[in-house]
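Asks: what follows is a predicted structure for the sequence shown.
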Amino acid sequence: MKNLPLNLGRFDHYTLIVPNAEECTRFHIEVLGFEWVRKHLVNAGSAPEGKYDMLNHLLHLPGDKSRTLVITEGLTDNSIFRKYLSKYGAGIHHVAYEVDNLEASFTILQNANIPLTSKNIIHDPLSGLQQVFISKESTGYFIELIERSPSTGKGVYKEKNIVQLANTMNSYLDNNKAGNLHPNNIE
């Protein structure tokens, strides 16, 4: 395939989806030596305004403050995270890698008919963070490609980014009945 393999940059983070984020977080800290960063609540759309449907615990990997583990729990029965947990069970949801040019990588993947969870790159103009997910059909988990803006420093996840990414997962779960998702099928 032309322009493949992709030129992946450094490993950035990975995300677990679990039924009990507090318990899983304690284990990672107390037994495995991960370092606490923060707790982050989000409403990705299945909770009433002012409430939350997603709980994230962010941890640094042992001895490496530049890489992160995100432990995620769905807080409502209709959240994408509980739906995902129900369909696939607990475990690694995605692994993220930085890339130098996400638009070029995105085009290469589309031209090679590699399934993605959306046909658009998610972009936060304030932080410069850009993201897209490669679907899990070929890998068993999603792969997130990230580009951070050099002019604004290290782009960080904002609630809008998280909600947009969650919505691509909702579409994936809803439209993946046949197990075949093409990048042009999802908005």
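Replies: The structure has been received and is ready for your questions.
Asks: helix, strand, or coil at residue 19?
Replies: The local conformation at residue 19, judged by DSSP: H, G, I helix; E, B strand; the rest coil, is coil.
Asks: any idea how far residue 26 is from it?
Replies: 14 Å (Cβ to Cβ, to the nearest Å). (C-beta placed from N, C-alpha, C; glycine too.)
Asks: show me how far the longest strand along the chain is from its chain's centre.
Replies: Determined from DSSP state E, the single longest strand within the chain is strand 64-74. A distance of 11 Å separates the centroid of the chain from that of strand 64-74, by Cα atoms, centre = their mean, to the nearest Å.
Asks: who are the packing partners of the following helix or strand past that strand?
Replies: Following strand 64-74 in sequence order, the next helix or strand is helix 80-88 (DSSP states H and E). Secondary-structure packing of helix 80-88 (3 or more Cβ pairs under 8 Å, 6 or more residues apart in numbering; DSSP states H and E): strand 11-17, strand 64-74, helix 159-175.
Asks: which of these has the lowest mean pLDDT?
Replies: Of all the helices and strands packed on helix 80-88, the minimum mean pLDDT falls on helix 159-175 (a mean of 63).
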